[in-house]
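K.L.:
next come a sequence and a model predicted from it.
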Amino acid sequence: MHKTTRLVGLFGALTIVAAACSSAATPVPSVAPSVAPSVAPSMAPSMAPSAAPSAAPSAGGLTGTLNVWSSYGSSGGSAEARAFARVLGNVEGANPGLTITDLDVPFSDIFKKFQTESAAGAGPDMLITPNDSLGDQVRGGFFVDLTGKIDDVLATTVDVAKNGSMVDGKVYIIPEGLKAVAMYYDAKKVPTPPKTTDELMAFVKGGGKVGIIAPDPYFGWGWYAAFGGSIFDANNKCAATANTGVADAMAYILALKKAGALVDSNYGKVNDAFKSGAVDIMFNGNWTLGDYRAARPDVAVAAMPAGPKGNASPLVGVDGWYINTAGTNQELAIAAAKLLTSAESQAIYVDQAGHVPASTLVNLVDPLTKSFADAMAQGTPRPQSKEFGNYWGGFGDAWTKVLTANVDPTTAVANACATMDKANGK
């Protein structure tokens, strides 16, 4: 029994070995034998608190207490929660002097809650989240600059994860895995999955059951490129009105809704519809792969359908550990994070939760996880610019107005562009 306390509260170097069959059983990823990370040397981050760490790594392992935050238990991924608990338990078991206390914070609250507490000199020693708000939080001074402190980790990290851990050339994440949206489908009920947006529309019009989380500017992003649209130009000014692509993407999802697809912004409703068999095609991230595998024995994965102007390109995010600048155990936190993201630890996430590993030392043997990796190869690395932070409000409003208020997509996109550029001073 491990000591962890639960408090409720792309790819250049990725080595992939595809399985020869499409069985829904989960093969265990192989891991290179000698990959245990070394203990981090002492460090003096530019924003380190004046108090000395209460504990430090020793020759016999890590010793001390760490408070960590996560959202795996409350973000719709029970398989992720189980994998996370196993990883924590393994690290504690290998380091008898280490105690990790985990607070599960709802994903909808974790970023704001962390910023509020860190700004007050409190909060966890470290937290694990996607890089959704990395740029803004780095600019706010909330995370320790890890540049030069995790070079051993980055040496065996795929480029997209490495780049997604940086802001302005500096490193702020100890990366664990990659996440993006792809197309889930029941291979028994949908033996020939739609490869294009036209085929998907024909499937729905023919009575096929499809679930789409919308209006939502995150899940909607991948459709823009399929219709030739782009949100930003090279100068981070809004490019969504340069052609009709973004508006066409919104119009397409509206047309799917009118044709009979389940289009709803309630994540749980659409997620549960796929798990229960009410829909046979669903667009969601690999964080639900473990749960879908259990609920739908014939589940399969493919890239989002290509559109008339090219491949879909979903946002590709990086999950990993961040070190709180207000924390007093920064040296210990970095050393623990290296163990929590080791190749052995990442293999557990791959095996149990469908994560695509950040480490080049984990060889994928599961065809479903490989399909996610292939889908991510055509994705868009999540931007970390200040301008990107102002994408969500205007374009979230545009998606909502198009899908629920019958506002013309071209008008909605133009208004969203103007709102975003104004916020960005463009």
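P.N.:
Happy to help now that I have it. Numbers count the residues shown, from 1 in each chain.
K.L.:
going forward, measure contacts and count neighbours with C-alpha atoms only.
P.N.:
Will do.
K.L.:
output stretch 281-301 as CSV, nothing but the C-alphas.
P.N.:
Extracted C-alpha coordinates of stretch 281-301, given in CSV (Å, rounded to 0.1, in the frame of the first residue of the first chain):
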residue,chain,number,x,y,z
ILE,A,281,-18.4,7.9,-33.9
MET,A,282,-17.1,10.4,-31.4
PHE,A,283,-14.4,13.1,-31.6
ASN,A,284,-12.4,13.2,-28.4
GLY,A,285,-8.9,13.0,-27.0
ASN,A,286,-6.7,10.1,-26.0
TRP,A,287,-7.2,10.8,-22.4
THR,A,288,-10.4,8.8,-22.7
LEU,A,289,-8.9,5.8,-24.5
GLY,A,290,-8.6,3.6,-21.5
ASP,A,291,-12.3,4.2,-20.6
TYR,A,292,-13.5,3.8,-24.2
ARG,A,293,-11.6,0.5,-24.6
ALA,A,294,-13.4,-0.9,-21.5
ALA,A,295,-16.8,0.4,-22.6
ARG,A,296,-16.6,-0.5,-26.3
PRO,A,297,-14.6,-3.7,-27.0
ASP,A,298,-14.6,-2.9,-30.8
VAL,A,299,-13.3,0.7,-30.4
ALA,A,300,-10.9,2.0,-33.0
VAL,A,301,-9.2,5.3,-33.7
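K.L.:
buried set for that stretch?
P.N.:
281-293, 296, 298-301 (16 or more other C-alpha atoms under 10 Å).
K.L.:
low-scoring stretches of the protein, by residue?
P.N.:
1-60, 75-77 (pLDDT under 70).
K.L.:
quick one, domains of it?
P.N.:
5-179+317-380, 181-313+386-423 (automatic domain parsing).
K.L.:
mind listing the strands the longest strand anywhere in the chain pairs with, and their directions?
P.N.:
Secondary structure assigned by DSSP state E gives strand 315-323 as the longest strand of the chain. In the sheet, strand 315-323 lines up against strand 126-130 (antiparallel), strand 174-179 (antiparallel), strand 380-381 (parallel) (DSSP bridges).
K.L.:
now the element after the first one, going C-ward?
P.N.:
In this case it means strand 126-130. Sequence-wise, the next helix or strand downstream of strand 126-130 (DSSP states H and E) is helix 134-139.
K.L.:
and the contacts of that next one?
P.N.:
For helix 134-139, the external contacting residues (C-alpha atoms under 8 Å, 6 or more residues apart in numbering) are 115, 143, 167, 172, 384, 385, 386, 389.
K.L.:
how about stretch 294-308?
P.N.:
Identification of contacts with stretch 294-308 by C-alpha under 8 Å, 6+ apart yields 24, 181-188, 194-198, 200, 222-223, 225-228, 275-277, 283, 292-293, 311-312, 368, 371-372, 374-375.
K.L.:
for stretch 64-74, same thing?
P.N.:
For stretch 64-74, using C-alpha under 8 Å, 6+ apart, the contacting residues are 54-56, 78, 80-81, 84, 97-107, 110, 124-129, 329, 332-333.
K.L.:
6 Å instead?
P.N.:
Under the criterion C-alpha atoms under 6 Å, 6 or more residues apart in numbering, residues 55, 80-81, 98-107, 124-128 lie in contact with stretch 64-74.
K.L.:
try stretch 370-381
P.N.:
Residues contacting stretch 370-381 (C-alpha under 6 Å, 6+ apart): 10, 301, 302, 303, 313, 314, 315, 316.
K.L.:
alpha carbons of that stretch, as CSV, please.
P.N.:
What follows is stretch 370-381, C-alpha atoms only, in CSV (Å, rounded to 0.1, in the frame of the first residue of the first chain):
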residue,chain,number,x,y,z
LYS,A,370,-0.3,4.4,-32.5
SER,A,371,-3.3,5.7,-34.4
PHE,A,372,-3.4,8.7,-32.0
ALA,A,373,0.3,9.3,-32.6
ASP,A,374,-0.4,9.3,-36.3
ALA,A,375,-3.3,11.7,-35.9
MET,A,376,-1.1,14.0,-33.8
ALA,A,377,1.5,14.1,-36.6
GLN,A,378,-0.8,16.3,-38.6
GLY,A,379,-1.9,18.4,-35.6
THR,A,380,-1.0,21.9,-34.6
PRO,A,381,1.3,22.3,-31.6
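K.L.:
quick one: distance of it to the chain centre.
P.N.:
On the basis of C-alpha atoms, centre = their mean, to the nearest Å, stretch 370-381 sits 12 Å off its chain's mean C-alpha point.
K.L.:
buried set for that stretch?
P.N.:
Buried residues in stretch 370-381, counted by 16+ other C-alpha under 10 Å: 370, 371, 372, 373, 374, 375, 376, 377, 378, 379, 380, 381.
K.L.:
gap between the closest residue to residue 270 other than its chain neighbours and residue 418?
P.N.:
Once flanking residues are discounted, residue 270 sits nearest to residue 211: 5.8 Å by C-alpha to C-alpha, 6 or more residues apart in numbering. For residue 211, the distance to residue 418 equals 31 Å [C-alpha to C-alpha, to the nearest Å].
K.L.:
more neighbours: the two, which one.
P.N.:
A count of neighbours by other C-alpha atoms under 10 Å puts residue 211 above the other of residue 211 and residue 418, at 26 against 16.
K.L.:
before we move on, back to that, now the contacts of stretch 370-381 in a markdown table, with distance to residue 400?
P.N.:
Shown next, in a markdown table, are the contacts of stretch 370-381 (distance: C-alpha to C-alpha, whole Å):
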| residue | distance to residue 400 |
| --- | --- |
| 10 | 30 |
| 301 | 28 |
| 302 | 27 |
| 303 | 25 |
| 313 | 21 |
| 314 | 19 |
| 315 | 20 |
| 316 | 23 |
